[in-house]
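# Sequence plus the predicted model coming up.
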Amino acid sequence: MTPKTSGRKSTGRINKNFYGYLFTAPFIIGFLLFSLYPLIYTFYLSITNMTLMSRSYEVIGLENFTKLFSDKYFYQALGNTWKLWLLNFIPQIGIAMLLAVWFTNNRLKIKFTGVWRAVFYLPNLLMPATIAVMFFSFFSLYGPVNQFTVRAGIINDAIDFFRSNGWAQTILVFVQWWMWFGSTLIILMAGMTSISPTYYEAAMVDGASAWNMFTRITLPLLKPVLVYTMVTSLVGGMQMFDIPYMLTDGRGSPNGSIMTMNVLMYMKFASNKGHIGAASSVGVMIFIITCIAALLVIKALSEREHKPGKRAVKVFAKGDLKA
């Protein structure tokens, strides 16, 4: 009887493994075909001189990267990408954190939090290209913004927003912030509601202020969520393309002030010869820079990830949370 029973168990294990592989196969196949293979092929293309207009190409080593590092437009695009991402991410995480604290605070008891979350998240459901066209219409020379401000006497003459470096960058930063802070808000609220209320109850018994509870309980226990938010925002910021491309002439005008690395990559690809190799080298640099920055963020925020909770408990025991 024992051999038969063990045989049945082993058969059951084989079936479970089979179904496990079967259910994960679509993701694995999709990842290999549409993520891993294009990534490896992009690395290969970056060391060739392939163009759209020629049938043959050669492997030229790191020549594309040498030309890229001597190209002033690459450094301009790199600086723009970081600048535009930071200018929209800092207020994005700040305002989302503030609203998340308000909405999850039991003392304030703000009503209709679900409605507010839905309203703030709505811009995230729209296509970025559609939003870019909409804001281009709003801020065009004869658009509603200029018409309203001139007729209201706020300004004397209409402003050509998209011929000013500062205005073009400001509009782009606002659009990026407006689109994504609702998603960040929902993620932060989910992280805050998962923190056990017993921590806050113990802190209140100790007489802790709201600021001390936020800095010593909420922030340390929210680190995994902050890591996820910052890394995903970083990846999206380094790949910023559609909105800066659609807002002006597709080349990051005026004066390349909103030319990101993805826009530069497209410009190299869409040139008169279609330099696929040169464009791929830009894509490889985007990948490398994003990976390095993401690893630094993860290392900085995830260090001693499990110790803040223990530290908070020790602080409660000592009564150090008092204002």
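Received, thanks.
# biggest helix in the protein, by residue count?
Counting by DSSP state H, the longest helix found in the chain is helix 72-104.
# Now the element after that one, going C-ward?
From helix 72-104 onward toward the C-terminus, using DSSP states H and E, the following helix or strand is helix 113-121.
# What residues of that following helix count as buried?
For helix 113-121, a neighbour-count test (16 or more other C-beta atoms under 10 Å) marks 116-117, 120-121 as buried. To be clear about C-beta, it is placed using only N, CA and C from the backbone, and glycine gets the same treatment.
# Same check on stretch 145-153?
By 16+ other C-beta under 10 Å, the buried positions in stretch 145-153 come out as 145-146.
# Give me the mean pLDDT for that stretch.
In this model, stretch 145-153 carries a mean pLDDT of 89.
# Need the residues that contact that stretch.
Outside of stretch 145-153, the residues within contact range by C-beta atoms under 8 Å, 6 or more residues apart in numbering are 138-140, 155-159, 161.
# In strands, which of these appear?
Per DSSP state E, strands hold no members of the contacts of stretch 145-153.
# thinking again about what came up before, any chance of the buried residues of helix 113-121 in a markdown table, with pLDDT and distance to residue 192 too?
Formatted as a markdown table, these follow (pLDDT from 0 to 100; distance: C-beta to C-beta, whole Å):
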| residue | pLDDT | distance to residue 192 |
| --- | --- | --- |
| 116 | 89 | 15 |
| 117 | 88 | 13 |
| 120 | 91 | 15 |
| 121 | 91 | 16 |
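# returning to what we had before: measure how the longest helix of the chain sits relative to helix 113-121, angle-wise.
Interaxial angle of helix 72-104 relative to helix 113-121 (axes from the mean of the first three to the mean of the last three C-alpha atoms, to 10 degrees): 170 degrees.
# same for helix 72-104, what does it pack against?
Here helix 72-104 touches helix 113-121, helix 165-193, helix 223-238, helix 261-269, helix 276-302, going by 3 or more C-beta pairs under 8 Å, 6 or more residues apart in numbering; DSSP states H and E.
# Comparing the ones you listed, which comes out most buried?
Compared across those, helix 261-269 shows the largest average neighbour count, a mean of 22 (mean count of other C-beta atoms under 10 Å).
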